[in-house]
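Asks: just to be clear, the model below is a prediction. Sequence and coordinates:
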Amino acid sequence: MRNIAIIPCYNEGRTIGEIVTKCKKYVDDVIVVDDQSIDDTAAVAQEKGAIVVRTSGEHGPGKACSFGILSALQMGADVIVTLDGDGQHDPEEIPNLLKSCRDSDAVITSRFLDNSTKVPFYRKLGIWLITVAYNFNSKVAITDSQCCFRAFHRKVFERISITEKGFGFSTELLIKLRQTGFSIREIPTRVFYFDDFSSNSSMNPIKHGFMVLMNTIKWRIRCELLGG
């Protein structure tokens, strides 16, 4: 089994080196997708042994993730692990995802399964609303639709593609997984938040949450009502 980690990045030069080093202990290759950073993200990642690919044109986390998936498939990945480049996800947990992926098509992680993560209230509220929109009228519910520390078998991306360029890709992918009939397993994870708000995200949390919520509703209608 060839395991490859994908790390979409935008201006993560201060954290990406350590993340790449830790990831390389558990996967065969690490792909850092430099989403047109203006800092030294690409140089640091390459120095630590990552394969660096760069997006072009309009950028965003969804597009960066899609670039990384395509590269991993071309490199012969059997299992693809996705995680963030800002230090909020712990690469030491990768073995948990790989183990869980042995009997599931996709493995997602949750900050709420064991309450080990102290999630800021504004984030908890936004995640809850988006997750409710994803779970509504579904036979199988999840607790965290927004944590992008995940693992997927190759066959998932041979049938599913990400079209959202922005953060809406997180639930677009989950909705398509459910519609296509792939099995999803949720396991606990611990996410690290910085005391400085700007280090966690450069986006307005209300605007970000509303955008992802609307995208979740859009993809549920498109996939489950319109059959597309």
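Replies: The structure has been received and is ready for your questions. Residues are numbered from 1 along each chain as shown.
Asks: per-residue confidence at the residue nearest to D40 when sequence neighbours are not counted?
Replies: Among residues not flanking D40 along the chain, G13 sits closest, at 4.3 Å (CB to CB, 6 or more residues apart in numbering). C-beta coordinates here come from the backbone N, C-alpha and C atoms, glycine included. Predicted confidence (pLDDT) at G13: the value is 96.
Asks: list the buried residues for stretch 78-89?
Replies: Counting neighbours by 16 or more other CB atoms under 10 Å, one finds that the buried residues in stretch 78-89 are 79-89.
Asks: swap in stretch 183-192?
Replies: For stretch 183-192, using 16+ other CB under 10 Å, the buried residues are 184-191.
Asks: of all the residues you listed, which comes closest to L225?
Replies: I184 (20.7 Å; CB to CB).
Asks: quick one: contacts for the closest one?
Replies: 104-108, 140, 142, 174, 177-178 (CB atoms under 8 Å, 6 or more residues apart in numbering).
Asks: run through the bridge partners of it.
Replies: In this entry, I184 is beta-bridged to A106, by DSSP bridges.
Asks: need the contact list for N3.
Replies: By CB under 8 Å, 6+ apart, N3 lies in contact with 26-28, 77-81, 98.
Asks: out of these, which sit inside helices?
Replies: Judged by DSSP state H, these include L98 as members of helices.
Asks: any figure for the gap between T41 and I94?
Replies: Distance, T41 to I94, using CB to CB, to the nearest Å: 21 Å.
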